[in-house]
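Q: need a structure here:
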Amino acid sequence: MPQPSLSTAIQLLAQRRRHGHQGSVLPAACRPSDIDTALAIQAGVVAELGDTIGGWKCGMPSEHKLVVAPILGSSRHQASPCPVWAPQGQLKIEAELAFILATDLPARSQPYSPAEIDTTIGSAHLALELIGTRYTADSGASYLDQLADGLFNQGLLLGPALPLASAYQASTLALQLQIGDATPQAHAGQHPAGTPLAPLYWLIEWLRSQGRGLVAGEAIITGAYAGAWTVPLDTPITVQYGDLGSMAVTFYTAHAG
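A: The predicted model follows:
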């Protein structure tokens, strides 16, 4: 993609993120036609916003698709009430676990072993991925469009810490969602990769292969246990993660700074 078109794509998606707007797919000359261009737009949006990388979302790749996107530092939250963009007055959330690095993992020529990576993980937390896209539902956005936009991520809400050993072994979780005073909804949670650590190992190796590293304090989420749930704003929400603990939160509409 020519640099002017790349710059236009970055500016358009950054503007939508800044103001919580949605729109059609990008103009034809600006739409990514391959994974490398989509990733270049991802990185460019972070820079255009003057933001930091507060973490990553990732999943195991398939033959033709990568599941990787930065989580903006400004969209990482740890308290309730939590601000969100909700164009239709409702928000989608996904129950996940987050792993926070205690030390840097700089780019280097040789791969990191799982044992090395394990020693850099400082804590594990209950987490909710905050789902959002800068495209309207009827836009016809493709995988590459969504990859350029961050794969439906609008942020991350970190919850209580839990023992690392419990997080490492959490292949399944008996989840429960309660919205206000309504009857709790039970969900049988299953990690899409079988183990929450497999995508984390993949992410670190993939970033290393791209000449990139990770920084202490970054949070990594590796897949939703039960898909996306739609919840209302301004209403108490509680998510129980089996025996691991629970998160209680109220979401409200964010305002552009």
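
Q: I'd like the distance between residue 203 and residue 3.
A: 28 Å (Cβ to Cβ, to the nearest Å). Heads up, the C-betas are built off the backbone N, CA and C, glycines and all.

Q: The two: which is more packed in?
A: It is residue 203, of residue 203 and residue 3, that has more neighbours when counted by other Cβ atoms under 10 Å, with 23 against 7.

Q: The more buried one against residue 56, yeah?
A: Yes: under the criterion of Cβ atoms under 8 Å, residue 203 makes contact with residue 56 at 5.9 Å.

Q: tell me the secondary structure for residue 166?
A: helix (DSSP: H, G, I helix; E, B strand; the rest coil).

Q: Nearest spatial neighbour of residue 87, chain-adjacent residues omitted?
A: Using Cβ to Cβ, 6 or more residues apart in numbering and skipping the chain neighbours, the partner closest in space to residue 87 is residue 22 (5.5 Å).

Q: Mind pulling the model confidence for the one you found?
A: Residue 22 is assigned 95 on the pLDDT scale.

Q: what about it, how many neighbours?
A: Number of residues near residue 22 (other Cβ under 10 Å) recorded here: 15.

Q: For it, list the residues it contacts.
A: By Cβ atoms under 8 Å, 6 or more residues apart in numbering, the contact set of residue 22 is 16, 87, 133, 134, 135, 136, 139.

Q: Residue 222 now?
A: Counted by Cβ under 8 Å, 6+ apart, residue 222 has contacts 57-59, 96-97, 99, 191, 193, 196-200, 203.

Q: Could you tell me the phi and psi values at residue 200?
A: Residue 200 adopts backbone torsions of phi -60, psi -50, taken as degrees, to the nearest 10.

Q: Closest one of the contacts of residue 22 to residue 43?
A: Proximity of the contacts of residue 22 to residue 43 was ranked by Cβ to Cβ; the top entry is residue 134 with 15.7 Å.

Q: List the buried residues for the strand or helix carrying residue 156?
A: If you go by DSSP states H and E, residue 156 is part of strand 153-162. Across strand 153-162, burial judged by 16 or more other Cβ atoms under 10 Å covers 153, 154, 155, 156, 157, 158, 159, 162.

Q: Could I get the residues you listed in a markdown table, plus columns for distance to residue 222 and pLDDT?
A: Below are the buried residues of strand 153-162 laid out as a markdown table (distance: Cβ to Cβ, whole Å; pLDDT from 0 to 100):
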| residue | distance to residue 222 | pLDDT |
| --- | --- | --- |
| 153 | 13 | 98 |
| 154 | 18 | 97 |
| 155 | 16 | 97 |
| 156 | 12 | 98 |
| 157 | 16 | 98 |
| 158 | 14 | 98 |
| 159 | 16 | 98 |
| 162 | 15 | 97 |
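
Q: What is the most widely separated pair among those residues?
A: Pairwise distances across the buried residues of strand 153-162 (Cβ to Cβ) peak at 24.2 Å, for the pair 154 and 162.

Q: Could you list the residues in contact with stretch 98-110?
A: Under Cβ under 8 Å, 6+ apart, the answer for stretch 98-110 is 55, 112, 117, 119-127, 156, 158, 167, 196-197, 200, 204, 207-208, 211-222.

Q: Give me the buried entries from these.
A: Members of these classed as buried by 16+ other Cβ under 10 Å are 55, 112, 117, 120-121, 123-127, 156, 158, 167, 196-197, 200, 204, 207-208, 214, 217-222.

Q: Among the residues you listed, which lie within helices?
A: Among the buried ones among the contacts of stretch 98-110, the members found in helices (DSSP state H) are 117, 120, 167, 197, 200, 204, 207, 208.

Q: any idea of the pLDDT on the fourth one?
A: Predicted confidence (pLDDT) for residue 197: 97.

Q: Over to the one 5 residues further on?
A: At residue 202 the predicted local confidence, pLDDT, stands at 97.

Q: same deal with residue 257?
A: pLDDT, read off for residue 257, is 56.

Q: coming back round to it: spit out the residues that contact residue 203 and residue 56 alike.
A: Joint contacts of residue 203 and residue 56 (Cβ under 8 Å, 6+ apart) are 68, 220.
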